[in-house]
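Colleague: A predicted structure for the sequence below; I have some questions about it.
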Amino acid sequence: MNAWSDKLALVIITLWVGALWTVGYVVAPSLFHQLSENKPLAGNLAGQLFELVAYIGMVSAVYLLLHRVLRFGAPALKQGFFWAVVVMLLLTLAGQFGIQPLMASLKAQALPADVMHSAFADRFRTWHGIASIGYLVESLLGLVLIFKVRP
C-alpha cells in the first residue's frame, strides 16, 4: 500500500463512487426539488452533471483496470474488484452512449413541447427508468469497490 499508484487508486475510487452517490442521490433530487416549477431546467442540469460523472467513471475505470492488471497480473481477472469495475464501466458506457442519446432524441422530437407533455412521455419514462436502474446497480457496485479494494 506504499506505492503512489495504490494510493491514487484509493483516491480514484473515492472520486468515482462519491460522485455517483452525490450527484445521483443528493444533487439531482435537490435540483428537482428547488426547481420544481421548471423541471426541464432541472433535468438539463442533472443531465450535464450525470455526463460529468460518466466521464469521471470512464477515466477512473481505465486507471483502476490497468492498475489492477499491472499490480496482480493475470490473477486480477479472477478478482471481484476487477469485474465490478468492468460492469460499472459497461453500465457507464451504455448509459452515456446508448440510453442518453436515445433520451435526448426523444426530447428533441417532442420540441417545442416538454417531453413529459408529449406523445413521447411514455417512452421517455421507460428509458429514464432503465437508466435509473443501471445507475443504481452501478452505485451499489461502488460498494464492492470500497469493500474489495486491497493493494
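Modeller: Okay, I see it.

Colleague: Pretty sure residue 96 sits against residue 56.
Modeller: No - Residue 96 is beyond contact range of residue 56, at 11.1 Å (criterion: CB atoms under 8 Å). All C-beta spots, glycine's among them, are computed from the backbone N, C-alpha and C.

Colleague: how far is stretch 135-151 from where the chain is centred?
Modeller: Its chain's C-alpha centre and that of stretch 135-151 lie 12 Å apart, by CA atoms, centre = their mean, to the nearest Å.

Colleague: no wait, stretch 73-88
Modeller: Put simply, stretch 73-88 sits 18 Å off its chain's centre (CA atoms, centre = their mean).

Colleague: For it, give the mean pLDDT please.
Modeller: What stretch 73-88 shows for mean pLDDT is 96.

Colleague: Just the endpoints, please. Distance across it?
Modeller: 21 Å (CA to CA, to the nearest Å).

Colleague: what packs against the strand or helix carrying residue 92?
Modeller: Using DSSP states H and E, residue 92 sits within helix 80-94. On a contact count with 3 or more CB pairs under 8 Å, 6 or more residues apart in numbering; DSSP states H and E, helix 80-94 meets helix 39-72, helix 121-148.

Colleague: between these, which gets nearest to residue 15?
Modeller: Nearest of the helices and strands packed on helix 80-94 to residue 15, taken as CB to CB: helix 39-72 at 6.3 Å.

Colleague: The closest one versus helix 121-148: what angle between them?
Modeller: Inter-element angle recorded for helix 39-72 and helix 121-148: 30 degrees (by axes from the mean of the first three to the mean of the last three CA atoms, to 10 degrees).
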